[in-house]
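Visitor: Quick one, what's the 3D model for this:
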Amino acid sequence: MNLTILAASGRTGLALTRKALQRGHIVTAIARDPGRIDVPAAAGLHKVAGDVEDPASLAAVIGPGSVVLSGLGTDRAGVLLAGAEAVVAAGPQRIIWLGAYGTGPSASTASEVLAKVLGDRLGDKVEADGTILAAGGTVFHAGMLADGPESPARRTVALEAAPPFDLTTTISRDTVAAAMLDEAETPRFTGAVAVPLAG
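Guide: Numbers count the residues shown, from 1 in each chain. From the prediction side, this is the model:
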């Protein structure tokens with residue numbers, strides 16, 4: 001399968017890129033600086049420069065047959081929505097987007113602490129998720145991300161079947177990346193929020 005990975009130089013984007021290559025996919029890895037995509041050269045890997053705040057750079061890479069997986073995160077409000085709008089405008093076949101558990105549709109499970117942590121980025125996350133969902137994409141609401149191996153007991157559930165949000169529980173980026181790739185290979189949550197769980 002041909003996959004396009006957005007924010008491929010970030011920690012989650014790197015996990016997505018590595019796991020996609022391990023599964024035998026052809027990967028177009030997009031980052032502002034492709035030199036920062038710290039993945040060894042491979043026959044199926046194409047590192048490409050692109051910036052979510054420059055929609056033309058994404059449109060040049062993302063086409064109608066693309067399956068886009070986004071590991072985009074940001075410390076600045078407005079970037080996520082810009083990225084979501086640019087990806088949707090590029091017209092890919094499918095979008096699988098990383099969101100945050102406890103925001104937007106999953107906000108009823110969150111504490112006020114999360115809103116304080118995200119600050120002015122909260123609205124950006126909610127709007128970006130809404131843009132992806134309205135376009136028929138899948139949004140993964142992952143909990144607090146951590147480094148570590150993929151959980152052998154991992155599973156993905158629909159939002160309504162997910163446990164309450166817990167700031168003390170973490171999930172590894174490798175586990176989230178594996179869940180997002182599962183969705184790319186076998187769609188189960190089209191147009192919906194999915195929640196990856198470590199066990």
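Visitor: ok, and what's touching stretch 125-136?
Guide: 80-81, 83-85, 87-88, 94-95, 97, 99-100, 103-105, 107, 118, 138-139, 190-193 (CB atoms under 8 Å, 6 or more residues apart in numbering). For glycine as for every other residue, the C-beta is placed from the backbone atoms N, C-alpha and C.
Visitor: PyMOL command to pick out the buried ones of these?
Guide: To isolate the buried ones among these in PyMOL, judged by 16 or more other CB atoms under 10 Å, type:
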select buried, resi 80+81+83+84+85+87+88+94+95+97+99+100+103+104+105+107+118+138+139+193
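Visitor: Select from the contacts of stretch 125-136 every entry located in helices.
Guide: Counted as lying in helices by DSSP state H, out of the contacts of stretch 125-136, are 80-81, 83-85, 87-88, 118.
Visitor: pLDDT and distance to residue 148 added to those, as a markdown table?
Guide: Below are the ones in helices among the contacts of stretch 125-136 laid out as a markdown table (pLDDT from 0 to 100; distance: CB to CB, whole Å):
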| residue | pLDDT | distance to residue 148 |
| --- | --- | --- |
| 80 | 90 | 25 |
| 81 | 92 | 30 |
| 83 | 94 | 26 |
| 84 | 95 | 28 |
| 85 | 96 | 33 |
| 87 | 97 | 28 |
| 88 | 97 | 32 |
| 118 | 61 | 23 |
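Visitor: and which of the residues you listed is nearest to residue 61?
Guide: Nearest to residue 61 among these: residue 87, at 10.5 Å, using CB to CB.
Visitor: mind listing what that closest one touches?
Guide: Contacts of residue 87 by CB under 8 Å, 6+ apart are 6, 52, 58, 62, 68, 70, 95, 97, 132.
Visitor: Of those, which belong to helices?
Guide: 58, 132.
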